[in-house]
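Peer 1: take a look and give me a structure for this.
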Amino acid sequence: MMFWYDHDVSGWGWFAMSASMILFWALIITAAVLLFRALNRAPEHTHMHGGPSPEQLLAERFARGDIDEEEYQRRLAALRSSGPFTKH
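Peer 2: Take a look at the predicted model:
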C-alpha cells in the first residue's frame, strides 16, 4: 500500500500531464485531418493530355472565321482520310 499513499503529483507533474494531453489530442486531430484530406484528394493523372485534336483546332479556326467553309471541308476531309492522328 505504500505506492498509493506516498506519491503526490506536484505542480510540474500536473503541468506535464496537461501538456501531454493537449499534445496527444493535437496529434490525433492532425492525423484525422491529414487522413481526411488524403482520402478526398482528386486522383492525379499519370499522363498528360496532348492538347486539342487536329479536328478541334480546325473547327476553332472555322468558328473564329480564319478559314471559310470550303477550306474547312477540304481540310477536314484530308484529316479524316489520312487516318487517326498519332503523336510520336
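Peer 1: ok, longest helix in the chain?
Peer 2: Identified as the longest helix of the chain according to DSSP state H is helix 11-40.
Peer 1: just after that one, pick out the following helix or strand.
Peer 2: Counting by DSSP states H and E, the element after helix 11-40 in chain order, helix or strand, is helix 54-64.
Peer 1: and residue 58, how many neighbours?
Peer 2: 19 (other C-beta atoms under 10 Å). Where you see a C-beta, it was placed from the backbone N, CA and C, and this is true even at glycine.
Peer 1: meant to ask about residue 79
Peer 2: Using other C-beta under 10 Å, residue 79 has 16 neighbouring residues.
Peer 1: what helix or strand is it on?
Peer 2: Using DSSP H and E, residue 79 falls in helix 69-81.
Peer 1: just want the angle from that helix to helix 54-64.
Peer 2: With axes from the mean of the first three to the mean of the last three C-alpha atoms, to 10 degrees as the criterion, the two stretches helix 69-81 and helix 54-64 enclose an angle of 170 degrees.
Peer 1: what comes up buried for helix 69-81?
Peer 2: Residues of helix 69-81 classed as buried by neighbour count (16 or more other C-beta atoms under 10 Å): 72, 75, 79.
Peer 1: tell me the one of those residues nearest residue 19?
Peer 2: Using C-beta to C-beta, residue 79 is the member of the buried residues of helix 69-81 that lies nearest residue 19, at 70.2 Å.
Peer 1: give the closest residue to the closest one in space, chain neighbours not counted.
Peer 2: If you skip the residues right next to it in sequence, residue 79 has residue 54 as its closest partner in space, 5.5 Å away by C-beta to C-beta, 6 or more residues apart in numbering.
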